[in-house]
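>>> this is a predicted model, with the sequence first.
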Amino acid sequence: MKVLAAMSGGVDSSVAAALLVEEGHQVTGVTLRLWAGAALDAGCCSEAEIDDARRVAHQLGIDHVTWNFTDEFDARVVAPYVAAHAVGRTPNPCIECNRHLKFGRLLGRAAALGFDAVATGHHARNDPPGVLRRGTDPAKDQSYVLYVLGPDELARCLFPVGRLTKAEVRAHAAALGLVTADKPDSQDVCFVTTAGGREAFLAPRIDLHPGRVVGPDGSPVGRVDAVELVTVGQRRGLGTGGGQRRYAISVDPSSATVVAGSMADLHTDRVQLTDLAWVGAAPEGEVDVQSSAHGVAVAATFDGRSTVRFAEPQRRVAPGQSVVLYRGDVVLGGGIAA
């Protein structure tokens, strides 16, 4: 089979490509150049990662190409990320990158060039093809960020390391002498540096406004330096001083106001979803729900349209975050919290 292996420069995608070569496939490595802004010192958008991917491809004896998707990345991932913060939402750029670039643009170009499948280093399983399942290693499972893939996309996707634990991936890389064997995992948002954080990234792109923090009854309880940087569920940085712990319950940049309350105020029994995407048919009834990449799935019911009701009250999901529905280890799909 002719396979295009997406190589980010990390150990997972390196081993994914290696396993395909070992299985006898005709493999070409590709690295996506996504970031056109200031040089990054780490992450899947950095020059160092592209260099490492190229070196691994050389070690494996396969061709390697770099495709420039910087314009699409800016339009489909960065611009929506910035716009979401401006209106008080907490976006998930990694999912949008998967939706539009890694499994949108990439699959399309691969098909046009005659490749039978695209492989990535995600810890997930496509078993049988068209059925998306959690990866074997629960600590590294990445099925959450792949819920946007439908059966047509999954029919052309391979996840070779999904059947391995992370320890097994690193051991395989070490046995092959791959230069990425001991590399640490990349950070979640590749274009936001650890040193600068969201504020350094957003400040040149949108106006950040100081705001007031009020209780559920409207009484003032604190101040924040930038309303646009507050996330629902946040406790620190609300300027409420000591005493009662308060959590951000809602964020409204239009009035420069954050409502903060107790843990009980933060909990809710439901979440409304928009921008729904299903791996197969839309589910209805009992499901398990996961609302963050590294979160724990909780019992819930889905009405088949847009409402998730939790079996027990849960912390509010920040608007803009993805909510993914499962049955057992099978991904059903999901949507974005309204």
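Noted; the coordinates are in hand. Numbers count the residues shown, from 1 in each chain.

>>> now do the contacts for the nearest residue to Q290 once chain neighbours are set aside.
Excluding the flanking residues, the one nearest Q290 by Cβ to Cβ, 6 or more residues apart in numbering is A297, at 4.4 Å. To be clear about C-beta, it is placed using only N, CA and C from the backbone, and glycine gets the same treatment. Going by Cβ atoms under 8 Å, 6 or more residues apart in numbering, A297 touches D288, V289, Q290, Y326.

>>> could you identify the helix or strand that succeeds the helix or strand containing the second one?
I take that to be V289. If you go by DSSP states H and E, V289 is part of strand 285-290. Scanning forward in sequence from strand 285-290 by DSSP H and E, the next helix or strand is strand 298-302.

>>> L107 against E153, yeah?
Yes - the criterion here is Cβ atoms under 8 Å, and L107 meets it with E153 at 6.1 Å.

>>> and the angle for the helix or strand harbouring A311 with strand 298-302?
Using DSSP H and E, A311 sits in strand 307-315. Put simply, strand 307-315 runs at 150 degrees to strand 298-302, going by axes from the mean of the first three to the mean of the last three Cα atoms, to 10 degrees.

>>> what is the orientation angle of strand 307-315 with strand 285-290?
40 degrees.

>>> for strand 307-315, buried residues please.
By neighbour count on 16 or more other Cβ atoms under 10 Å, the buried set for strand 307-315 is V308, F310, Q314, R315.

>>> in the protein, which residue is closest to the centre?
Central residue of the chain (Cα atoms, centre = their mean): C94, 3.5 Å from the mean position.

>>> so it sits against V145, correct?
Yes - contact criterion Cβ under 8 Å: C94 and V145 qualify, at 5.4 Å.

>>> which element is V251 on?
Element membership for V251 (DSSP H and E) is strand 247-252.

>>> run the chain-centre distance for the helix or strand just after that strand.
As assigned by DSSP H and E, the chain's next helix or strand after strand 247-252 is strand 257-261. In terms of Cα atoms, centre = their mean, to the nearest Å, the centre of strand 257-261 is set 27 Å apart from its chain centre.

>>> max-length strand in this protein?
Secondary structure of the chain per DSSP state E: the longest strand is strand 267-278.

>>> partners of that strand in the sheet?
In the sheet, strand 267-278 lines up against strand 307-315 (antiparallel), strand 330-337 (antiparallel) (DSSP bridges).

>>> how about it: buried residues?
So, applying 16+ other Cβ under 10 Å, buried residues of strand 267-278: H267, V271, L273, A277, W278.

>>> just to be sure, the residue nearest to the centre of the chain is in a strand?
No - counting by DSSP: H, G, I helix; E, B strand; the rest coil, C94 is not part of a strand but helix.

>>> quick one: pLDDT of it?
In this model, C94 is scored at 93, pLDDT.

>>> quick one: contacts for T180?
With contact taken as Cβ under 8 Å, 6+ apart, T180 is in contact with G9, G10, V11, S14, D52, V56, A173.

>>> closest one of these to T90?
Distances from T90 to the contacts of T180, taken as Cβ to Cβ, are shortest for G10 (25.0 Å).

>>> that'll do, ta.
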